[in-house]
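> compute the structure for the input listed below.
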Amino acid sequence: MAAVFPTVREVLDLGPLRRGAPRVLAGESALGRRVRWVHVAEVPDIAALLDGGELVLTTGIGLPADEAGLRAFVDDLADVGASGLVVELGRRFADSVPRAMVAAAGRRGLPLVELRRATPFVPITEAVHALIVDAQLTELRATEEIHQRFTELSVEGAEPAEVVRQAADLAGCPVVLENPARQVLAFDPAGEDPGSLLDGWERHSRRIRPAGRTGYDPDAGWLATIVGARGQDWGRLLLRWPGADAPPSRLTILLERAASTLALGRLIRRDAEGLERQIHRNLLTALLDHARPVDEVALRARALGVVLDRRQLIGVMVRHRPDPAGEPGAEAAQARLHDLAEAVGRAIRDARLTGLASVVDEQAVGALLALRPDQADDQALAAFAAALDRVRLAGAGWPGDGPGAVPGGPARRPDQPGRPEPRRVVVAAGSTVPTLREARRSLVEARQVADAARRGRRDLPVFRLSQVGLPGLLHLLRDEPRVQTFVERELGALLAHDAEHPREHLVDTLRAYLEHGRNKSAAAAAAHLSRPAFYERLTRIGRILDADLDSVPVCLSLHVALLALDAIHDDA
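This is a model prediction of the structure:
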């Protein structure tokens, strides 16, 4: 929809002005300026009384007599943002507007119009003000419709895609909702080509830099506002404005109202699920800690609509991988874990599964999936992991999960459809068990697998015990005294030597030798040592450990000890 106030060009087409035989002398390229009001002025210092957007009418009888004064009069009007200047000939200027005024108006790009026939100003002001008042009433009605439409959407709990669609429908312009990582969460092209709208979106979005929480970037042609509440911003809502001038205030109101609806909807959904998630946590904690009889847990779960009787049960744990940039503070970590729990709960629903899901400790979100006897557990877990990926893209930009990060698997960027982002969470599952009494075993196993897989390099949708390998197994057993004793027995002498001679790094030399399959040349190259120097180090290692480094069983034992040492030193 077009901006509501008339332009200078439209005003010149009105009957009262046409009867004055108007002629544009300067600033013709600026005739598209909006006229907010009409002001009659016969004094030279009228600019001090203007706010911008006024069309000034004058006969010139009170203007300065000198050219410098006339130029200053025009400059003052341009400085305050007047829409234009209309001069009636006959009383002060008989045949034409002074050249000094025309030159000044041309230099400042201010529309300057002369009326070659005497014209009463009252009919002009009445006609223009009627247009303006009608435009204001139209804008008021549009604003009322905006508030009514978005109030209804808030009450209905509309999804973000519907809110964006309604905003685009009311504005008649494309609207995009993005997360802090510049990923598109929802959009409506308003009849334009979606491909051209989203092509290279991330790069384009980063060039849109309005001032403040809500603002218009004239270079990019986008009006933008931040989406968030309670001090947590999780997205940005943008509206493309094709006009040369700034968008009307009605569109700013529309965009901010849509953003408030999105933020309120998110809070309502989170608060509505908050109590349910607390109950889920109580039930999962009861299973893990034996706090309640399993029959009571089953009864309470059934009351929530989660049937655990006569189902195949799988314990699942989801936790974040370590952040290379550093772990968040306690408050941010808690918010991030809360959002992850909501994502897991939504993923269960989206995968058409049933189960319990909640935060179970300071690091993990637990879930107990309840499958029908005819459901395959691998397929159900794959569906859950895929749903978690989709939730990540649909609910991206959640507070507390880092800049633009979100729970879930690899999201695909809208401008790079073939490049997945790194998976930010580990999804681990325990064994499938037939009864609720065995559910604790599956949950504990899932927790151990998640703990072991968290620092692994393999990026699997779901980790199970068979997939964590020897490093994972040793990670699970890192607190076992017998494992620690084994490490000390195998490597203690070499660790003590390195402690006394920190520059020699013999443990690293042994690690390179074993990781390269006892290939001395390859290991020497990896260690950046000459072969004679590397061979000499191996001889010293064999002497310190009293071990034959050419023996396969001996090297296997030492390699396992090194993996166990890494697991013990892992402070995850």
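
> mind listing what's buried along stretch 527-540?
For stretch 527-540, a neighbour-count test (16 or more other Cβ atoms under 10 Å) marks 527, 529, 534, 537, 538 as buried. The C-beta positions use only the backbone N, C-alpha and C, and glycine is treated the same way.

> chain neighbours aside, what residue packs nearest to the second one?
Spatial nearest neighbour of residue 529, excluding adjacent residues (Cβ to Cβ, 6 or more residues apart in numbering): residue 537 at 7.3 Å.

> which residues touch that neighbour?
Neighbour list for residue 537: 504, 506, 509, 529 [criterion: Cβ atoms under 8 Å, 6 or more residues apart in numbering].

> which one of these has the most neighbours?
Of all the contacts of residue 537, the most densely surrounded is residue 509 (22 neighbours; neighbours counted as other Cβ atoms under 10 Å).

> in which helix or strand does the residue lying closest to that one once chain neighbours are set aside reside?
Once flanking residues are discounted, residue 509 sits nearest to residue 537: 4.7 Å by Cβ to Cβ, 6+ apart. Per DSSP states H and E: residue 537 is located in helix 531-545.

> following that helix in sequence, what is the next regular element?
Per DSSP H and E, the first helix or strand lying C-terminal to helix 531-545 is helix 552-569.

> residues contacting that next one, please?
With contacts defined as Cβ under 8 Å, 6+ apart, helix 552-569 is touched by 470-471, 474-475, 477-478, 483-484, 486-487, 490-491, 507, 510-511, 514-515, 518, 545, 547-549.

> what do you get if the cut-off is 10 Å, keeping everything else the same?
Applying Cβ atoms under 10 Å, 6 or more residues apart in numbering, the contact partners of helix 552-569 are 452, 455, 469-480, 483-484, 486-492, 494-495, 507, 510-511, 513-515, 517-518, 541-542, 545, 547-549, 551.

> could you report the distance from the residue nearest to residue 529 to residue 376?
Distance of residue 537 to residue 376, given as Cβ to Cβ, to the nearest Å: 53 Å.

> same thing with residue 200?
Separation of residue 200 from residue 376 (Cβ to Cβ) stands at 41 Å.

> and the helices in the stretch 101-250 of the chain, which stretches?
With DSSP state H, counting those that start in this stretch applied, the stretch 101-250 of the chain shows helices at 121-156, 160-171, 194-198, 201-206, 249-289, listed in chain order.

> give me the buried positions along stretch 20-39.
Using 16+ other Cβ under 10 Å as the test for burial, stretch 20-39 gives 20, 22, 24-27, 30-31, 33-38.

> re the thing from before, buried among the contacts of helix 552-569? Need that as a selection in ChimeraX.
The ChimeraX command for the buried members of these (criterion: 16+ other Cβ under 10 Å) is given here:
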select :452,455,471,472,473,474,475,476,477,478,483,486,487,490,491,494,507,510,511,513,514,518,541,542,545,547,549
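
> filter the contacts of helix 552-569 down to the ones in helices?
Judged by DSSP state H, the subset of these located in helices is 452, 469-476, 483-484, 486-492, 494-495, 507, 510-511, 513-515, 541-542, 545.

> so how far is residue 242 from residue 220?
Distance from residue 220 to residue 242, by Cβ to Cβ: 12 Å.

> quick one: which of the two has more around it?
Remark: of residue 220 and residue 242, residue 220 carries more neighbours, 17 against 10, as counted by other Cβ under 10 Å.

> quick one, what contacts the nearest residue to the more buried one once chain neighbours are set aside?
Nearest non-adjacent residue to residue 220, counting by Cβ to Cβ, 6+ apart: residue 208, 4.5 Å away. For residue 208, the contacting residues are 176, 178, 182, 215-217, 219-224, 236, 238, 240, by Cβ under 10 Å, 6+ apart.

> again with residue 45
Shown in contact with residue 45 (Cβ under 10 Å, 6+ apart): 62, 72, 73, 76.

> how about the helix or strand harbouring the second one as CSV, C-alpha atoms only?
Counting by DSSP H and E, the secondary-structure element that holds residue 72 is helix 67-79. Included here for helix 67-79 are C-alpha records, laid out as CSV according to Å, rounded to 0.1, in the frame of the first residue of the first chain:
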residue,chain,number,x,y,z
GLU,A,67,19.3,38.6,-2.8
ALA,A,68,21.3,37.2,0.2
GLY,A,69,18.1,37.4,2.4
LEU,A,70,16.1,35.6,-0.3
ARG,A,71,18.7,32.8,-0.5
ALA,A,72,18.8,32.5,3.3
PHE,A,73,15.0,32.2,3.3
VAL,A,74,15.1,29.3,0.8
ASP,A,75,18.0,27.6,2.7
ASP,A,76,16.2,27.8,6.0
LEU,A,77,13.2,26.1,4.5
ALA,A,78,15.4,23.3,3.0
ASP,A,79,17.2,22.9,6.3
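
> in it, which residues are buried?
For helix 67-79, using 16+ other Cβ under 10 Å, the buried residues are 70, 71, 72, 73, 74, 76, 77, 78.

> could you identify the most distant pair in those residues?
70 and 78 (13.1 Å; Cβ to Cβ).

> common neighbours of these two, please.
With Cβ under 10 Å, 6+ apart, residue 70 and residue 78 have common neighbours residue 104.

> give me the most central residue, this structure.
residue 179 (1.8 Å; Cα atoms, centre = their mean).

> that one and residue 226: what is the separation?
Computed with Cβ to Cβ, the distance linking residue 179 and residue 226 is 12 Å.

> also residue 141?
Residue 141 sits at a distance of 28 Å from residue 226 (criterion: Cβ to Cβ).

> one more: residue 118?
Going from residue 118 to residue 226 by Cβ to Cβ gives 54 Å.

> which of these two has more residues huddled nearby?
Set side by side, residue 118 and residue 226 show more neighbours around residue 226, with 18 against 12, by other Cβ under 10 Å.

> quickly list what that one is bridged to.
With DSSP bridges as the criterion, residue 226 is bridged to residue 236.

> I'd say it and residue 259 touch.
Yes - under the criterion of Cβ atoms under 10 Å, residue 226 makes contact with residue 259 at 7.1 Å.

> list the residues that contact both of these two?
Each of 213, 214, 235, 236, 237 lies in contact with both residue 226 and residue 259 under the rule Cβ under 10 Å, 6+ apart.

> wouldn't the fourth one be in contact with residue 176 here?
Pointing back at residue 236 there. Yes - judged on Cβ under 10 Å, residue 236 makes contact with residue 176 at a distance of 8.5 Å.

> shared neighbours of these two, anything?
Residues touching both residue 236 and residue 176 (Cβ under 10 Å, 6+ apart): 185, 205, 208, 222, 224.

> which residues of the stretch 351-500 of the chain fall in strands?
For the stretch 351-500 of the chain, strands defined by DSSP state E, counting those that start in this stretch occupy the ranges 354-359, 364-371, 412-413, 416-420, 425-433.

> quick check: which of those is buried the most?
Comparing the strands of the stretch 351-500 of the chain by mean neighbour count (mean count of other Cβ atoms under 10 Å), strand 364-371 ranks first with a mean of 26.

> quick one: mean pLDDT for stretch 492-508?
Regarding stretch 492-508, the rounded mean pLDDT is 87.

> CA-only coordinates of that stretch in PDB, if you can.
What follows is stretch 492-508, C-alpha atoms only, in PDB (Å, rounded to 0.1, in the frame of the first residue of the first chain):
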ATOM      1  CA  GLY A 492      53.900 -44.200  34.900                       C
ATOM      2  CA  ALA A 493      57.700 -44.300  34.400                       C
ATOM      3  CA  LEU A 494      57.400 -42.400  31.100                       C
ATOM      4  CA  LEU A 495      55.100 -39.800  32.600                       C
ATOM      5  CA  ALA A 496      57.500 -39.300  35.500                       C
ATOM      6  CA  HIS A 497      60.400 -38.900  33.000                       C
ATOM      7  CA  ASP A 498      58.500 -36.200  31.000                       C
ATOM      8  CA  ALA A 499      57.600 -34.400  34.200                       C
ATOM      9  CA  GLU A 500      61.400 -34.200  35.000                       C
ATOM     10  CA  HIS A 501      62.300 -33.400  31.400                       C
ATOM     11  CA  PRO A 502      59.400 -31.300  30.000                       C
ATOM     12  CA  ARG A 503      61.200 -30.500  26.700                       C
ATOM     13  CA  GLU A 504      61.600 -34.100  25.600                       C
ATOM     14  CA  HIS A 505      57.900 -35.000  25.100                       C
ATOM     15  CA  LEU A 506      58.500 -38.700  25.000                       C
ATOM     16  CA  VAL A 507      54.800 -39.500  25.700                       C
ATOM     17  CA  ASP A 508      54.000 -37.600  22.500                       C
END
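
> that concludes my questions; thank you for your assistance.
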